[in-house]
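Trainee: kindly generate the corresponding structure for this input.
(one chain, ligands or ions: 2)
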Amino acid sequence: MLFSNEENTLPIAEDAFLLKGFLLGNGEALLLALNQVVEQSPFRFMVTPGGHSMSVAMTNCGPWGWVTDGQGYRYQMSDPVTKEAWPTMPAIFMTLAQEAAEMAGFPNFLPDACLINRYSIGAKLSLHQDKDETDFSQPIVSFSLGLPAIFDFGGKTREAPKKALLLEHGDVVVWGGKSRLNYHGVRSIKAGSHPVLGEYRINITFRRCQ
Ligand code: SIN
Ligand code: FE2
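Mentor: Ligands and ions are numbered 1, 2, ... in the order given. Purely as a prediction, here's the structure:
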């Protein structure tokens with residue numbers, strides 16, 4: 001299926017859009033590139049500053065990677081597991097992230113961080129804001145692959161009303177501008193099997209952090 005602009009670009013909130021099926025047609029190439037990243041910097045379960053092991057396994061590519069441990073949440077240029085630089089951001093990641101951002105009204109997106117989240121069945125990400133970045137003028141671009149998820153997209157406070165969005169293989173969410181600091185989270189992944197990714201959901205999230 002080819003991506004046809006308007007009808008697949010669904011507004012969620014101010015400056016926030018769901019690009020339904022945007023990645024379809026590039027799924028295989030994305031997963032090939034992902035495998036190369038993961039060979040160099042494997043998925044790992046990071047620990048929150050409060051000492052809890054996260055249910056989502058993570059890795060990064062690009063110049064900066066998001067990490068959490070007893071010292072706090074932050075971006076750093078080296079992988080604490082390999083002690084090396086994070087893998088280079090694959091060209092296809094960058095190209096598709098920039099195209100998605102442009103489609104959502106952010107034509108100059110230049111991400112310097114790409115966090116890769118792997119959800120197994122039952123994994124979830126509690127409601128949070130993305131605020132470890134220094135530049136909030138650039139949007140967040142988030143790719144979904146594999147098992148579906150319910151993504152809660154809220155407002156400026158934890159209590160603000162939320163929209164529950166179904167994110168499926170090939171979907172992209174872009175939020176920035178007036179929605180850049182909106183609360184969001186991923187509900188516990190339901191049991192199932194995806195034809196390509198089996199019992200996993202992969203989320204690839206692009207940000208400008210510096
Ligand atoms: C995130 O909030 O950083 C990840 C969102 C997702 O997995 O869809
Ligand atoms: Fe987030």
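
Trainee: so what's the residue count around Met103?
Mentor: By other CB atoms under 10 Å, the residues close to Met103 number 20. Quick note: C-beta positions are derived from backbone N, CA and C, even for glycine.

Trainee: what pairs with the closest residue to ligand 1 within the chain across the strands?
Mentor: Nearest to ligand 1 in the chain, going by CB to the nearest ligand atom, is Asn203, at a distance of 3.2 Å. Beta-bridge partners of Asn203, counted by DSSP bridges, are Asn117, Ser144.

Trainee: check Ala113 too.
Mentor: Trp64, Arg207.

Trainee: surely it meets Pro63?
Mentor: Yes: at 7.2 Å, Ala113 counts as touching Pro63 under the criterion of CB atoms under 8 Å.

Trainee: out of these two, which sits in the more crowded spot?
Mentor: Ala113 (23 against 17).

Trainee: skipping adjacent residues, who's closest to Phe17 in space?
Mentor: Of all residues not flanking Phe17 in the chain, Ala104 sits nearest, at 4.4 Å (CB to CB, 6 or more residues apart in numbering).

Trainee: ok, the one you found to Thr59 distance?
Mentor: Distance of Ala104 to Thr59, computed by CB to CB, to the nearest Å: 25 Å.

Trainee: for this protein, what lies in contact range of ligand 1?
Mentor: Within the chain, the positions lying close to ligand 1 (CB under 6 Å from any ligand atom) are 117, 125, 142, 151, 184, 186, 203, 205.

Trainee: returning to what we had before: what is the burial count for the residue nearest to Phe17?
Mentor: Ala104: 26 neighbours (other CB under 10 Å).

Trainee: same thing with Gly25?
Mentor: By other CB under 10 Å, neighbour count at Gly25 equals 12.

Trainee: okay, it: pLDDT?
Mentor: At Gly25, the model reports a pLDDT of 94.

Trainee: can you map out the helices along this protein?
Mentor: For the chain, the helices defined by DSSP state H occupy 5-8, 27-40, 91-103.

Trainee: pretty sure the residue nearest to Phe17 contacts Leu19?
Mentor: Yes: using CB under 8 Å, Ala104 makes contact with Leu19 at a distance of 7.0 Å.

Trainee: what's the overlap in contacts for these two?
Mentor: 9, 174 (CB atoms under 8 Å, 6 or more residues apart in numbering).

Trainee: just the buried residues of the helix or strand of the chain with the lowest mean pLDDT, please?
Mentor: Within the chain, no helix or strand scores below helix 5-8, which has a mean of 77 by mean pLDDT, DSSP states H and E. By neighbour count with 16 or more other CB atoms under 10 Å, helix 5-8 contains the buried residues Asn8.

Trainee: from the middle of its chain, how far away would it be?
Mentor: Helix 5-8 sits 21 Å away from the centroid of its parent chain (CA atoms, centre = their mean, to the nearest Å).

Trainee: again with stretch 13-23
Mentor: 13 Å.
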